[in-house]
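*Asks:* based on what follows, work out the 3D shape:
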Amino acid sequence: MTIKEAVLKSLDEIQKPIGSYELCDYILSKEYVEFKGKTPHNTVSAHLTDFIYKNDKRVKRVKKQGGNYLYYLSKYEDIVNVINYNQPIKEIVKKQAYKERDLHVLLSTFLKDIENVFSKTIFHEKSLSKESGQVWTNPDMVGVSFLQLKNKTSQEFFKKINQKEAFKIYSYELKREISSDNELKQAYFQAVSNSSWANYGYLVALDFSDDLLDEIERLNQSFGVGVIKLKSYPYQSEILYPARYKELEFKTIDKLCKMNSEFEKFIEHIEKLMGIEERFYRPLEKDFETFCDSFFKNDNEILTYCKEKNIPFEEKNFI
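*Replies:* Have a look, this model is predicted:
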């Protein structure tokens, strides 16, 4: 049974208006479908919204006090018309939702410890350009990995004869979650635009709706931007689809350097590391590591951070 079928079946059994959150709980209790993502409530909500926006006559909704919607099958509209859904409701104190930028340290931990990539957040608000279109130019994070050869002589030799292959630069576009096809398209092509200059570009999110996996694969094969499913326990994060390699595009790199001083400093650090003698390399690398984003040193730091920022997590990962 698909999620869409589970939604229709459950609404048919309930026979009265119900909120998306409660509907998801009902579907889970009946085990009609197995959700692969960590936020099934968002997935169900996205499907319900899809019914409405696509003008699917089978599903309707009514707005109750507070602005929330209740959903029901149109064949039960007679029941809906005799119920007052605008009775005063108790005020619910909600936890403050985590912000997109709260995910950066989780990604930097995954990149440093698993992928051996140094990463740096690029703050859009610090760019010289204040045009709204810069969200299609500035990446959320950038990263670099250096080729590590075991022999110092071969390392220096390789850098001299093939310097551009001695490092790779990455661009990352982060989202909290992607629940609908429209969200996926907008986020993916933003990542395509923001990573046009880099060797590799990635779209990163804490959760992707299960229904989008086929479309994600199609987009990856067509446009080459990779996809990373981030986890609150960052060591379990995974690259769903790897990015396709491309040459650096220096005109855009130059533009970004002019727009954002932090990006310029990031490039400066790489240039220094690539041109320095081996005996001076380690001090410069430490300086670069300090410049880059911090990352978690242990599980307790991660757990404390997720609780503080209200980022969903599984307790069993920290035992």
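*Asks:* domains for the chain, by residue range?
*Replies:* 3-81, 100-309 (automatic domain parsing).
*Asks:* off-centre distance for the longest one?
*Replies:* So the one you mean is domain 100-309. 12 Å (Cα atoms, centre = their mean, to the nearest Å).
*Asks:* and the first one, by the same measure?
*Replies:* Using Cα atoms, centre = their mean, the distance from the centre of domain 3-81 to the centre of the chain it belongs to is 26 Å.
*Asks:* can you list contacts of stretch 206-223?
*Replies:* 2-3, 35-39, 42-43, 46-47, 103, 175-181, 184, 188, 192, 225-227, 229-232, 240-241, 311-312 (Cβ atoms under 8 Å, 6 or more residues apart in numbering). Where C-beta positions appear, they are placed from N, C-alpha and C, glycine not excepted.
*Asks:* could you flag which of these are buried?
*Replies:* Buried members of these, scored by 16 or more other Cβ atoms under 10 Å, are 3, 35, 37-39, 42-43, 46-47, 103, 175-180, 184, 188, 192, 225-227, 229-232, 240-241, 311.
*Asks:* picking that back up, looking at the contacts of stretch 206-223, which are in helices?
*Replies:* Judged by DSSP state H, these include I3, N42, T43, A46, H47, D181, L184, Y188, V192 as members of helices.
*Asks:* show me the contacts for K38.
*Replies:* Counted by Cβ under 8 Å, 6+ apart, K38 has contacts L206, D207, P312.
*Asks:* wait, I meant T49
*Replies:* Contacts of T49 (Cβ under 8 Å, 6+ apart): S180.
*Asks:* pLDDT value on it, please?
*Replies:* T49 is assigned 89 on the pLDDT scale.
*Asks:* then V62?
*Replies:* For V62, the model assigns a pLDDT of 86.
*Asks:* the one helix or strand it maps to pairs with which strands, and in what direction?
*Replies:* Secondary structure assigned from DSSP states H and E places V62 in strand 59-63. Strand 59-63 has these partner strands in its sheet, going by DSSP bridges: strand 69-73 (antiparallel).
*Asks:* let me see the ranges of the helices in the stretch 201-319 of the chain.
*Replies:* 213-223, 250-259, 261-275, 278-291, 299-309 (DSSP state H, counting those that start in this stretch).
*Asks:* what about those helices, which gets the closest to S74?
*Replies:* helix 213-223 (28.4 Å; Cβ to Cβ).
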